[in-house]
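Undergrad: Please find the sequence and the predicted model below.
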Amino acid sequence: MKLIVLSDIHLTVEGRPIIGINPSERLDLALAHAGRHHPDAARYVLLGDLAHLGQNRAYRALAGRMNALGKPFTPMLGNHDNRENFRKAFPTAPDDGAGFVQSHLDTATDRLIFLDTLHPEATPHHSGQLCAARLGWLERALNGAGGRRISVFMHHPPFAVGFPGMDAIALANPADFWAIAKGKIAHLFCGHVHRTISGHTHGAGFSIFKSPAHQMPMDMTSADSAISVAEPGAYGIILLNDDAIIAHSEDFTLNLASESDPASA
């Protein structure tokens, strides 16, 4: 099974740029690139921060693009999102029964769990949180996997990655998450940080994906979580094989020139 992951799209209205990058143009390039190179993808996962300012028009534009693909997709929420406005544009998006955008997807061998970490009242601002209702839902989803290998998708990482600014606004209650999930999950997929990061924590592998638009600089000293650089845009490719979980990062903006000019390859 192949999944395409688009994390931190940060869609704006009227082409408003972020550090000189137009997120709408980048999304179109990413979708076109993935469509050409990965027509066998079974599903697209939108890993939160879909709209930069949570605006209705941005969500409507995103819904139009995703519906036009003709592929199943799972939209998720991040700290820049607005749950109410999102619901207006995605009325059939997953609902866990308590109003949160949470769901799970089963294959013969795997259970994929998609969490909603958006919590506007979380401290500090822009950090994520899993309330008691969401934690209870997660526990039931983990316990109901029926022996399947479990991967969890969530916008906010429940661990520090070494960037002080981003670590300050990660999941605010990681201990609550790991008290339920430790020893039960094979892999964790996150966004939020705008960098390609991988590793192992609490007995699980993890992968963090870059944005199609702007990226976090490799700055392990700054306490500023809002600094961005115009590095190449990327999307993720996940392969769920019988004996492995593989995560790739495709810097699609680097490859556009060589595709348009075969002689440069």
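TA: Yep, that arrived.

Undergrad: Look up phi and psi at Ser151.
TA: phi -120, psi 140 (degrees, to the nearest 10).

Undergrad: What of Asp8?
TA: phi 60, psi 60.

Undergrad: Spatially nearest residue to it (excluding sequence neighbours)?
TA: Ser211 (3.8 Å; CB to CB, 6 or more residues apart in numbering). (C-beta placed from N, C-alpha, C; glycine too.)

Undergrad: Please name the residues that touch that neighbour.
TA: 7-10, 49, 191, 194, 233-234 (CB atoms under 8 Å, 6 or more residues apart in numbering).

Undergrad: part of a helix, is it?
TA: No - secondary structure of Ser211 (DSSP: H, G, I helix; E, B strand; the rest coil): coil, not part of a helix.

Undergrad: how near is it to Pro39?
TA: Distance, Ser211 to Pro39, using CB to CB, to the nearest Å: 23 Å.

Undergrad: about what we covered before: which ones among the contacts of Ser211 are found in strands?
TA: Using DSSP state E, no member of these falls within strands.

Undergrad: Identify, from those residues, the entry nearest to Arg134.
TA: Using CB to CB, Gly191 comes nearest to Arg134 of the contacts of Ser211, at 17.2 Å.

Undergrad: Give me the nearest residue to Leu254, chain neighbours excluded.
TA: Pro232 (4.9 Å).

Undergrad: give me phi/psi at that neighbour?
TA: Note on Pro232: backbone dihedrals following degrees, to the nearest 10 are phi -60, psi 140.

Undergrad: can you count the residues close to it?
TA: 15 (other CB atoms under 10 Å).

Undergrad: Now do the same contact list for it.
TA: 215, 251-254 are the contacts of Pro232 under CB under 8 Å, 6+ apart.

Undergrad: which of those residues are buried?
TA: 215, 252-253 (16 or more other CB atoms under 10 Å).

Undergrad: Please point out which parts of the one helix or strand Asp28 maps to sit buried.
TA: Per DSSP states H and E, Asp28 falls inside helix 23-37. Buried residues in helix 23-37, counted by 16+ other CB under 10 Å: 23-24, 26-27, 29-31, 33-34.

Undergrad: now stretch 130-138
TA: Buried-residue list, stretch 130-138, by 16+ other CB under 10 Å: 130-131, 134-135, 137-138.

Undergrad: all strands of the stretch 1-150 of the chain, in order?
TA: Taking DSSP state E, counting those that start in this stretch as the test, the strands found in the stretch 1-150 of the chain are 2-6, 43-47, 73-76, 103-106, 110-114, 149-154.

Undergrad: The last one: partners in the sheet, and parallel or antiparallel?
TA: In its sheet, strand 149-154 lies beside strand 110-114 (parallel), strand 187-190 (parallel), with partners assigned from DSSP bridges.

Undergrad: again with the third one
TA: Strands flanking strand 73-76 in the sheet, each with its direction: strand 43-47 (parallel) (DSSP bridges).
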